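[1] quick one: sequence and predicted model below, then my questions.
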Amino acid sequence: MTTYLSKQKKGDLQDMAKQAGLSGYDDMLKDDLVTALDEKLRADSSKFAGNPIFAEFYKRGGSPVKKQRQVSSPSVPDADGELKTARRRKTIVAKVKDEAADAVNGAEDAAADTSTALATRTPRAVQRIAERVPLPPSPKVVSDYIARSQASFSTKLSDMYKKSGTTEAIEGVRDTASTVVAIEVLCNLIEAVGLQTETFPWRYAFDIPAIPAIKSHAYAVKLPDFFVLVTSFFWAPSTLWLTTSLFVPLLFAYFFNFSLSIRGQGARTRSSPHVYKFDPLTYNVSKALVTWLVYSQGFRFNGFWSDETVARVDGALFGGYQGVLIGTAIGALASLYEAILQKH
């Protein structure tokens, strides 16, 4: 019966509550009003059963007055026993049918109430979620927002790159490397690295123990042996290389400097060639000549260095003395190319 009341509108329920003499129904919620009205009608069923307003309510659950009359009917004499038994059977059968009908109606009402509740409550829940979550009005707004975000991120990244000075640093390295001097320094640095493996050995110092937790192995740590700095083991090959690759070639490049001939031509213009203090072409030619004499032809500077020292340096350099000759050829070509570019 409560299902029947819950399906009614609140205005109809208030009218029924007024007819039933229920107080305070104006301030009640619908669910509370249904519960209070149901209890009132059940408690005073004999009073309101004849009221047409509540007829449907009692019809859904069966009339309690009718049930009471059927149960409390007067007894029939024994002589009329067959008639009494028939009436009793009819009453029981009718009662069972009414109960079955009530059960079916109750199930239908419960299903209808559930579907009605879902139909009425689900949109409210969706509406509440929609109110809490700010949804975009259209896909175009979303695409515009993504485009603006990408543009803002690109602008910030570009500003950070400019402020870091990376562009200026790259341009500075490029300007420095685009000279003959940079090529000469690079070639000599490669030779020095190769010589270091022979003249400055690294000795075993200690082990870093293995760590079973990360499945690492023991690692041997080596440190440079600085004691060789006070022995001829280091200085003999080092001075030989410095003499053949730096001192003698720079001496010739200083005195045989062909770029000095442009000084008497007046003021330098933008296209005037750069004047080096040491002529790069002379440096490379003299370096190649001295290297060939010492490492190939047995020239020892009047016995100042031994054959063993020469062999050590030759074996330590990348590619031997032939690698040094290749470096001088590259430097000479770069010098000529730079002179041609400056002339034009």
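    Perfect, thanks for sending it. Residues are numbered from 1 along each chain as shown.

[2] OK, contacts around residue 243?
    290, 301 (Cβ atoms under 8 Å, 6 or more residues apart in numbering). Just so you know, the C-beta spots here come from the backbone N, C-alpha and C atoms, and that holds for glycine as well.

[3] with residue 185 instead?
    Taking Cβ under 8 Å, 6+ apart as the definition, residue 185 has no contacts.

[4] what about it, which helix or strand?
    In this structure, residue 185 is located in helix 180-199 according to DSSP states H and E.

[5] strands paired with whatever helix or strand comes next after that helix, and their directions?
    As assigned by DSSP H and E, the chain's next helix or strand after helix 180-199 is strand 202-208. Applying DSSP bridges, strand 202-208 is found paired with strand 219-224 (antiparallel).

[6] got any ranges where the stretch 101-250 of the chain has weak pLDDT?
    Residue ranges of the stretch 101-250 of the chain with pLDDT under 70: 101-137.

[7] could you look up the SS state of residue 8?
    Secondary structure, DSSP: H, G, I helix; E, B strand; the rest coil: residue 8 is coil.

[8] contact partners for it?
    residue 16.

[9] any idea how far it is from residue 51?
    Here the criterion is Cβ to Cβ, to the nearest Å. By it, residue 8 lies 15 Å from residue 51.

[10] repeat for residue 225
    116 Å.

[11] ditto for residue 25
    Applying Cβ to Cβ to residue 25 and residue 51 gives a distance of 17 Å.

[12] and what of residue 235?
    Residue 235 is 127 Å from residue 51, where distance means Cβ to Cβ.

[13] now stretch 33-49: buried residues?
    33, 34, 36, 37, 38, 40, 41, 45, 48, 49 (16 or more other Cβ atoms under 10 Å).

[14] my guess is the last one meets residue 59, correct?
    By that I understand residue 49. No - using Cβ atoms under 8 Å as the test, residue 49 is too far from residue 59 to be in contact (10.1 Å).

[15] angle of the helix holding residue 185 against strand 219-224?
    110 degrees (axes from the mean of the first three to the mean of the last three Cα atoms, to 10 degrees).

[16] and the spatially most central residue of the chain, which helix or strand is it part of?
    Note on the chain: the residue nearest the mean C-alpha position is residue 153, at 15.1 Å, using Cα atoms, centre = their mean. Assigned by DSSP H and E, residue 153 belongs to helix 139-163.

[17] could you do residue 23 as well?
    Going by DSSP H and E, residue 23 is not part of any helix or strand.

[18] any idea how far residue 257 is from it?
    Per Cβ to Cβ, residue 23 is found 121 Å from residue 257.

[19] who has more neighbours, these two?
    More crowded of residue 23 and residue 257, by other Cβ atoms under 10 Å: residue 257, with 18 against 8.

[20] show me what contacts the more buried one?
    By Cβ under 8 Å, 6+ apart, residue 257 lies in contact with 276, 277, 278, 279, 282.
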